[in-house]
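A.B. asks: below: sequence and its predicted model.
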Amino acid sequence: MDFPAVLRKIKDYTKYKNARSVAVQLPEGMKRRISDITGEFNDKELIFIGDPFWGACDIPQNGNWDLLIQFGHSPIPNLGSFKNVIFEEIQEEMDFDVSFEKIPFNSLILTSNVTYSSQLPRIKEKLEGSGIKVELKKGDSRVFYPGQILGCNISTARGLEENVLFVGEGMFHPLGIALGLPDKRVLAFNPRTGEYIDMDKEKRKFLGQRYAAIDMASRAKKFGIIVSTKIGQTRYSLARVAFDLLQKAGKTPFMITLDLVRDEELLNFPADVYVNTACPRVTIEDYGTFSRPVITFYELQMALGLKDKSRYIFDEIVMTDEIGSTSFRKRD
């Protein structure tokens with residue numbers, strides 16, 4: 001990635017030229033590039049947002065700035081447009097290329113995160129040239145690119161093919177596919193290390209953890225229902241349904257709104273179990289950081305005997321709504 005060229009491109013945007021004060025959101029690994037940004041954007045008043053953020057679902061709403069530049073993520077189409085936001089994706093080159101000899105499939109659905117989404121058409125052509133049938137498809141209204149997987153949405157991996165290839169770093173995205181589509185075989189390829197990982201073993205290990213949490217929830221009495229205040233994660237309508245289900249089951253539920261969902265924020269609330277309606281990443285990737293069980297809405301239904309435990313349901317976000325309302329969000 002030629003980061004200085006990315007910064008020069010941003011300076012040509014009308015939104016940038018018209019702004020006096022500019023806020024910047026950087027992924028954790030890019031915060032060391034602040035000096036590059038201050039050097040290039042020296043004609044603006046800059047504010048760097050220090051809090052962690054998780055994507056285009058996480059746009060600060062009340063900042064005192066003219067423009068927000070978010071690095072590393074693509075827009076979420078069904079959230080609508082934001083007049084004062086620039087989403088500057090960071091597309092990376094691959095250190096290792098996909099090798100068809102190591103793909104044990106005759107046909108597959110090709111997926112990635114936003115970082116390598118621009119590489120997918122080329123990978124598709126290469127695999128097809130080797131005789132592998134490849135499906136590269138558009139997801140639902142929350143997804144921007146064909147083949148793109150979000151931490152909260154695996155819609156591009158759905159299809160008739162029985163196999164999925166995920167190209168990207170980390171385990172969270174391919175684990176989501178493996179959990180959400182249990183009838184498919186999922187292979188993850190890391191373009192930084194060249195490693196191929198069959199996600200079946202990772203899925204089995206994770207499901208053991210999840211069913212232990214469901215079991216604890218089935219015996220719990222007090223439930224805290226977590227509702228995110230982040231613009232692309234608010235599912236108040238879902239939280240209200242969870243509240244009603246718990247009341248009907250004779251449990252004691254209450255709602256908690258949070259921006260950043262962490263154990264230290266939850267410790268003082270007297271709950272045996274928390275039901276997470278915010279980002280699914282909280283339940284999956286951050287589960288070990290909590291001192292009490294955190295479950296999804298679908299896991300709650302299993303715990304209450306309302307869903308069959310034999311088939312695990314992965315929590316996905318498709319639409320979001322306003323806190324205090326059941327209407328969907330609408331942007332400019």
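C.D. replies: Yes, it's here.

A.B. asks: quick one: contacts for Met171?
C.D. replies: The neighbours of Met171, taking C-beta atoms under 8 Å, 6 or more residues apart in numbering as the test, are 188, 197, 199, 202. C-beta: built from backbone N, CA, C; applies to glycine.

A.B. asks: I'd like to know how far the third one sits from Glu135.
C.D. replies: Distance check for Met199 against Glu135: by C-beta to C-beta, to the nearest Å, it reads 18 Å.

A.B. asks: looking at those two, which has the bigger crowd around it?
C.D. replies: Taking other C-beta atoms under 10 Å, Met199 and Glu135 do not tie; Met199 has more neighbours (22 against 19).

A.B. asks: let me know the pLDDT of the more buried one.
C.D. replies: Met199 is assigned a predicted lDDT (pLDDT) of 96.

A.B. asks: show me where the stretch 201-332 of the chain has helices.
C.D. replies: Ranges of helices within the stretch 201-332 of the chain are 236-248, 263-266, 280-284, 297-303, based on DSSP state H, counting those that start in this stretch.

A.B. asks: looking at those helices, which is closest to Val273?
C.D. replies: Of all the helices of the stretch 201-332 of the chain, it is helix 297-303 that lies closest to Val273, at 8.1 Å by C-beta to C-beta.

A.B. asks: gap between the nearest residue to Arg311 once chain neighbours are set aside and Ala212?
C.D. replies: Leaving aside its chain neighbours, Arg311 sits nearest to Pro182 (7.0 Å; criterion: C-beta to C-beta, 6 or more residues apart in numbering). To Ala212, Pro182 is 18 Å away according to C-beta to C-beta.

A.B. asks: then Asn190?
C.D. replies: Distance from Asn190 to Ala212, by C-beta to C-beta: 29 Å.

A.B. asks: between the two, which has more neighbouring residues?
C.D. replies: Asn190 (19 against 11).

A.B. asks: per-residue confidence at the more buried one?
C.D. replies: pLDDT, Asn190: 97.

A.B. asks: identify the spatial nearest neighbour of it, chain neighbours not counted.
C.D. replies: Excluding the flanking residues, the one nearest Asn190 by C-beta to C-beta, 6+ apart is Glu169, at 5.6 Å.

A.B. asks: which residues does that neighbour contact?
C.D. replies: 115, 190-192.

A.B. asks: is it possible to export these to JSON lines including distance to Leu79?
C.D. replies: Listed next are the contacts of Glu169 as JSON lines, based on distance: C-beta to C-beta, whole Å:
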{"residue": "Thr115", "distance to Leu79": "20"}
{"residue": "Asn190", "distance to Leu79": "30"}
{"residue": "Pro191", "distance to Leu79": "28"}
{"residue": "Arg192", "distance to Leu79": "30"}
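
A.B. asks: keep only those of these that are in strands.
C.D. replies: Counting by DSSP state E, these place none of their members in strands.

A.B. asks: my guess is Asp66 contacts Val22. True?
C.D. replies: Yes. Using C-beta atoms under 8 Å, Asp66 is in contact with Val22, at 6.9 Å.

A.B. asks: tell me which of those two has more neighbours.
C.D. replies: Counted by other C-beta under 10 Å, Asp66 and Val22 do not tie: Val22 has more neighbours, with 23 against 16.

A.B. asks: ok, and what's touching the helix or strand containing that one?
C.D. replies: In the assignment (DSSP states H and E), Val22 maps to strand 21-25. Outside strand 21-25, the residues within contact range by C-beta under 8 Å, 6+ apart are 16, 37, 41, 44-49, 53, 58, 60, 63-71.
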